[in-house]
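1. Based on what follows, work out the 3D shape:
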Amino acid sequence: MPGHSAPDRGRTTASERGTAPKQDRSRATRQRLLESAVTCLAERGWSGSTVTLVAEHAGVSRGAAQHHFPTREDLFTAAVEYVAEQRSAVLRDLPAPATTEAAVEMIVDLYTGPLFRAALHLWVAASNEPQLGPRVAALEARIGRETHRMALALLGADERTPGVRETVQGLLDMARGLGLANLLRDDTPRRNRVVAQWASLIADTLR
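-> Numbering: from 1, shown residues only. Next comes the predicted model:
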């Protein structure tokens with residue numbers, strides 16, 4: 001129209017320029033909250049972990065925390081899921097293990113460290129918190145399926161072979177038990193012997 005210039009489609013407005021940094025800050029805040037939630041859950045357990053404590057640990061206000069996660073259950077289930085996804089990404093990028101024993105060690109390592117401790121506290125809480133139970137059950141089912149797939153890939157195993165699926169699931173159950181034992185004391189010497197034995201059994205099954 002006369003008297004009006006056409007809008008410059010290639011030019012970024014001041015409002016648009018401000019949007020990206022704001023989104024980056026929001027993502028960074030969310031990540032700090034998730035990482036702080038995992039730390040608090042692993043160190044203090046469910047009863048000792050609150051949104052306020054996590055917000056303080058992350059260096060943000062309680063209001064900012066509730067903007068990202070409206071409820072306590074939202075925060076802690078998202079935190080465990082976040083770290084599980086990070087762990088999965090690392091595992092997907094691992095080089096193929098040279099031996100079956102190395103593969104078994106990688107799988108057992110999944111069940112040590114702060115993620116497993118945080119997940120364990122969440123499982124215990126879910127057994128007593130009706131609003132948390134369905135969320136944690138669904139999360140653990142999904143993580144369990146992905147962990148099983150990763151274990152098959154690390155072992156180079158085909159679960160269509162009779163006995164392989166059950167053997168790998170038994171390995172994961174055993175690894176979880178070793179992780180529980182390690183919560184009470186350093187169980188490294190016994191764990192190393194169990195890993196070696198399981199690696200021998202699995203190598204026989206996969207032949």
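2. what about the helices in this structure?
-> 14-44, 51-58, 62-68, 72-92, 100-109, 114-128, 133-155, 164-184, 188-206 (DSSP state H).
3. so can I have TSV of those showing mean neighbour count?
-> Every residue, glycine included, has its C-beta placed from N, CA and C. TSV is the format used below for the helices of the chain (neighbours: other CB atoms under 10 Å):
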stretch	mean neighbour count
helix 14-44	15
helix 51-58	19
helix 62-68	16
helix 72-92	18
helix 100-109	20
helix 114-128	19
helix 133-155	16
helix 164-184	16
helix 188-206	15
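4. got those helices as TSV, with mean pLDDT columns?
-> Shown next, in TSV, are the helices of the chain (pLDDT from 0 to 100):
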stretch	mean pLDDT
helix 14-44	80
helix 51-58	95
helix 62-68	93
helix 72-92	80
helix 100-109	89
helix 114-128	81
helix 133-155	86
helix 164-184	89
helix 188-206	88
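5. count of residues packed around residue 156?
-> Look at residue 156: counted by other CB atoms under 10 Å, it has 11 neighbours.
6. Next up, the contacts around residue 34.
-> The contact partners of residue 34, by CB atoms under 8 Å, 6 or more residues apart in numbering, come to 75, 78, 79, 82, 83.
7. Take the residues you listed and write them to CSV, including distance to residue 96.
-> Shown next, in CSV, are these (distance: CB to CB, whole Å):
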residue, distance to residue 96
75, 37
78, 32
79, 31
82, 27
83, 24
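8. What is the most widely separated pair among the residues you listed?
-> 75 and 83 (13.0 Å; CB to CB).
9. just to revisit the earlier point, out of the contacts of residue 34, the closest to residue 31 would be?
-> The closest of the contacts of residue 34 to residue 31 turns out to be residue 82 (CB to CB; 7.8 Å).
10. need the contact list for that closest one.
-> 31, 34, 35, 38.
11. Distance check, it against residue 76.
-> Separation of residue 82 from residue 76 (CB to CB, to the nearest Å): 10 Å.
12. excluding its backbone neighbours, what's nearest the one residue sitting closest to the centre of the chain?
-> For the chain, residue 84 is the residue whose C-alpha lies nearest the centre (CA atoms, centre = their mean; 1.2 Å). Spatial nearest neighbour of residue 84, excluding adjacent residues (CB to CB, 6 or more residues apart in numbering): residue 143 at 5.1 Å.
13. same thing with residue 55?
-> Once flanking residues are discounted, residue 55 sits nearest to residue 65: 4.1 Å by CB to CB, 6+ apart.
14. show me what contacts residue 78?
-> Contacts for residue 78 (CB under 8 Å, 6+ apart) come out as 34, 37, 69.
15. An error on my part: the question was meant for residue 137.
-> Residue 137 neighbours (CB under 8 Å, 6+ apart): residue 126.
16. I'd assumed residue 194 was in contact with residue 174.
-> Yes: judged on CB atoms under 8 Å, residue 174 makes contact with residue 194 at a distance of 7.1 Å.
17. So residue 72 versus residue 176, what's the distance?
-> 26 Å.
18. Also residue 99?
-> With distances taken as CB to CB, residue 99 is found 22 Å from residue 176.
19. Likewise for residue 169?
-> Remark: distance between residue 169 and residue 176 (CB to CB) = 11 Å.
20. What of residue 65?
-> According to CB to CB, residue 65 and residue 176 sit 31 Å apart.
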